[in-house]
Structure formats: C-alpha cells, structure tokens
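*Asks:* Sequence plus predicted model, see below.
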Amino acid sequence: MVSERAPAAATPTTTRLCTICGDRRAALKRPKTFQKTCKECFYEVFENEIHRTIVDNHLLNPGERIAIGASGGKDSTVLAYVLSELNRRHNYGLDLFLLPVDEGITGYRDDSLDTEKK
C-alpha cells in the first residue's frame, strides 16, 4: 500500500539583494569583504580597488610602455582587459601591449595564442 503525502508547503524564497546597490540580486559573495554583490557592482568595486592600488602606490607613470604577459587564460585576459579599461578611463597615458606567453604544453592554448599573435 502506497501512502500519499501532502505536498510540502511552499516557503517563500528570499532573494538576497546586492549589499551595495540594494536593487539587483546578489550573484556572489566576495571573499575579501564577505559582501554579497551583484555582477555589476562587483565589476565596479573590483576595478576601483585596482585603480586605487595603482594610484596610491604610484605603480604606473604616463608614457610607460607596459607588456602584459598573455597566455590566453582567464587571469591574463582579465589583467589585459582591466588595465586597458583603466588606462582609457583614467587617462594613465600608458602604452600597453600583449606579450604572448606559451607554457609549452602542446594543444593547451594554441588557439588563444594564435589570436593574441594577430
């Protein structure tokens, strides 16, 4: 004999909102601050923290030519994008260029490296 159970009562789901803007749904929790942030606020805070680090520590000077080691992986791609964006947005006056890095693992990032070489 199969007993029928009543369906579980629906519980309201509480959507966690971004602790920065309070408007959008939080997409991640930052390990550094434990803030629950939406994607848009995370990008803004992340880029602002990098900018503040560069400025506060006098890391870059106008006219410098900066090589960005680019393997085609996510880390070097984010580095290249953020430095390029901050250079444009804050007028650092840097000459940025990609320097392809090949880890020497056949087939590992051949397509990415070919794209960067172009």
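*Replies:* Good, I have the coordinates.
*Asks:* alpha carbons only for contacts and neighbour counts from here, please
*Replies:* OK.
*Asks:* Confirm for me that E47 is in contact with V82.
*Replies:* Yes - E47 is in contact with V82 according to Cα atoms under 8 Å; the separation is 6.9 Å.
*Asks:* P31 and C41: what is the separation?
*Replies:* 15 Å (Cα to Cα, to the nearest Å).
*Asks:* ok, those two, which is more surrounded?
*Replies:* C41 (18 against 8; other Cα atoms under 10 Å).
*Asks:* Name the next helix or strand following the helix or strand the more buried one falls within along the chain.
*Replies:* Using DSSP states H and E, C41 falls within helix 39-56. Tracing the chain past helix 39-56, the next element assigned as helix or strand by DSSP H and E is strand 65-70.
*Asks:* Paired strands for that next one, with orientation please.
*Replies:* Using DSSP bridges, the strands paired with strand 65-70 are strand 95-100 (parallel).
*Asks:* Show me what the mean pLDDT comes to for the strand it pairs with.
*Replies:* Mean per-residue pLDDT for strand 95-100: 95.
*Asks:* Which parts of it count as buried, going by neighbours?
*Replies:* 96, 98, 100 (16 or more other Cα atoms under 10 Å).
*Asks:* Would you check that the last one makes contact with G73?
*Replies:* Think P100. No - counting by Cα under 8 Å, P100 does not reach G73; the two are 11.0 Å apart.
*Asks:* What pLDDT is listed against V2?
*Replies:* So V2 comes in at 48 (pLDDT).
*Asks:* err, E103, not the other one
*Replies:* At E103, pLDDT is 79.
*Asks:* likewise the one 10 residues further on?
*Replies:* At L113, the model reports a pLDDT of 56.
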